[in-house]
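[1] After the sequence you'll find the predicted model.
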Amino acid sequence: MKNIKKALAFYYLLIISWGSFGIMAVGCNDSEPIAGFSGKYVNDQAGLLSEEQATQLESILSDYDEKQNFQCAAVTVPSLAGQDLSALSLELAREMGIGISGINNGCLILIAMKERRVKIDIGYGLEWEVPDSVSKVILDQQMLPMFKEGNYFGGLKTGFESIYNQATQVSWDVNFPEWASFPQGDSTAFGKIVRFQAKSVAQRPASTMMDKQFDPSFEFQVQTPDEQIVNVRFSQYMLDLVERVHAWGNGRIYGRVISVQPLEVNLLGIEEF
């Protein structure tokens, strides 16, 4: 992928099996191993798309990247060949380098034909705009009905378009300011992505309702080099990031400003020193 940097992490979002819908698997060789990434936004190893369809989808996803810094990829495989779907999806996302480093705004849709399974992986930073509830609606109501009819191109195109429309309600401008030039207390900072050196100072008790993606108690505090306190919001999928922040004690936070006074950000990613 052109100009794609490796994302820090992806998290498991959703696996759906559509075997009960009676879709026929075509163009699949169950004995073939899963090949490596081909270097494109669309990697149709299962042969579900025509050459024209693959080219069109490739162009759409390339435009998303070029115009909005929003990076997506589609992968189809004839069979998992004994691999775990979630592990394969994570491996592919990292190998392909989906998402801007630090802000983790990538999206991968993986289809395994023999197993009749599809998985949507959403980057840490993207889940604020595309939460579980939204992804489930997109998959259940828009993509799977088309897959049932054998219209894989239509399902993928529609799914990516819906995710894109959700994701780009905010800016993914990568020219985010360093803390020294951040307009503290200025309302123009709202919605901007900022990165800053941070020292962990306090953690609020985590909610016991970990079946929720978001909860008011999913928040901790860090201190900037100029001793400003920043509240950092996170989701249940980011617990590993939060643990790492407290473990290393000093590093860099990437976040989107959701409140100016007090200063509060949605966690997008971290960078250890």
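    Arrived safely, thanks for sending.
[2] Start and end of stretch 124-141, how far apart?
    24 Å (Cα to Cα, to the nearest Å).
[3] I should have written stretch 139-153 there, sorry.
    Note: stretch 139-153 ends 14 Å apart using Cα to Cα.
[4] for stretch 256-270, same thing?
    12 Å.
[5] residues making contact with it?
    8-9, 101-105, 124-125, 128, 170, 184-187, 189-194, 219, 228-234, 238, 241-242, 244-245, 251-255 (Cβ atoms under 8 Å, 6 or more residues apart in numbering). (Glycine included, C-beta is placed from N, CA and C.)
[6] Quickly list what the residue most central in space within the chain is bridged to.
    Among the residues of the chain, the one closest to the centroid is residue 123, at 2.0 Å (Cα atoms, centre = their mean). Residue 123 has the following beta-bridge partners by DSSP bridges: residue 10.
[7] That one and residue 40, how far apart?
    Residue 123 sits 19 Å away from residue 40, going by Cβ to Cβ, to the nearest Å.
[8] do the same with residue 272
    31 Å.
[9] Those two: which is more packed in?
    residue 40 (18 against 11; other Cβ atoms under 10 Å).
[10] out of everything not next to it in sequence, what's closest to that one?
    residue 58 (5.9 Å; Cβ to Cβ, 6 or more residues apart in numbering).
[11] measure the one you found to residue 228 for me?
    Residue 58 is 44 Å from residue 228, by Cβ to Cβ.
[12] So which of these two has more stuff around it?
    Between residue 58 and residue 228, counted using other Cβ under 10 Å, the more crowded position is residue 58 (18 against 15).
[13] neighbours of residue 117, just the number please.
    Here the number of neighbours of residue 117 (other Cβ under 10 Å) works out to 16.
[14] Parallel or antiparallel, list what pairs with the host helix or strand of residue 109.
    Using DSSP states H and E, residue 109 sits in strand 106-112. Strand 106-112 has its sheet partners listed here by DSSP bridges as strand 71-77 (parallel), strand 117-123 (antiparallel).
[15] so residue 146 sits right up against residue 155, yeah?
    Yes: Residue 146 is within contact range of residue 155, at 3.6 Å (criterion: Cβ atoms under 8 Å).
[16] List the buried residues of the helix ranked longest in the chain.
    In the chain, assigned by DSSP state H, the helix with the most residues is helix 51-68. In terms of neighbour count (16 or more other Cβ atoms under 10 Å), helix 51-68 has its buried residues at 53-54, 57-58, 60-62, 64-65.
[17] Walking through this structure, point out its helices one by one.
    Under DSSP H, the chain gives helices at 51-68, 85-96, 132-137, 144-148, 152-167, 239-248.
[18] and residue 214, which of the ones you listed is closest to it?
    The closest of the helices of the chain to residue 214 is helix 132-137. By Cβ to Cβ, the value is 9.5 Å.
[19] tell me what that closest one is packed against?
    Applying 3 or more Cβ pairs under 8 Å, 6 or more residues apart in numbering; DSSP states H and E, we find helix 132-137 packed against strand 10-17.
[20] Just the mean pLDDT for the strand it packs on, thanks.
    Taken as a whole, strand 10-17 has a mean pLDDT of 43.
[21] for stretch 61-81, same thing?
    92.
[22] first to last residue in it, what's the distance?
    Per Cα to Cα, stretch 61-81 runs 27 Å from first to last residue.
[23] follow-up on the earlier one: roughly how far out does the longest helix of the chain sit from the chain middle?
    Between the centre of helix 51-68 and the centre of its chain there are 18 Å (Cα atoms, centre = their mean, to the nearest Å).
[24] So in the chain, where's the weakest helix or strand by average pLDDT?
    strand 10-17 (a mean of 43; mean pLDDT, DSSP states H and E).
[25] Residue 96 touches residue 121, doesn't it?
    No: using Cβ under 8 Å, residue 96 is not in contact with residue 121; the gap is 10.8 Å.
[26] shared neighbours, these two?
    Among the neighbours of residue 96, those also in contact with residue 121 (Cβ under 8 Å, 6+ apart) are residue 108.
[27] How about the contacts made by residue 138?
    Residue 138 neighbours (Cβ under 8 Å, 6+ apart): 120, 159, 162-163.
[28] With pLDDT and neighbour count added, can I get the residues you listed in TSV?
    Listed next are the contacts of residue 138 as TSV, based on pLDDT from 0 to 100; neighbours: other Cβ atoms under 10 Å:
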residue	pLDDT	neighbour count
120	92	23
159	97	24
162	97	19
163	97	24
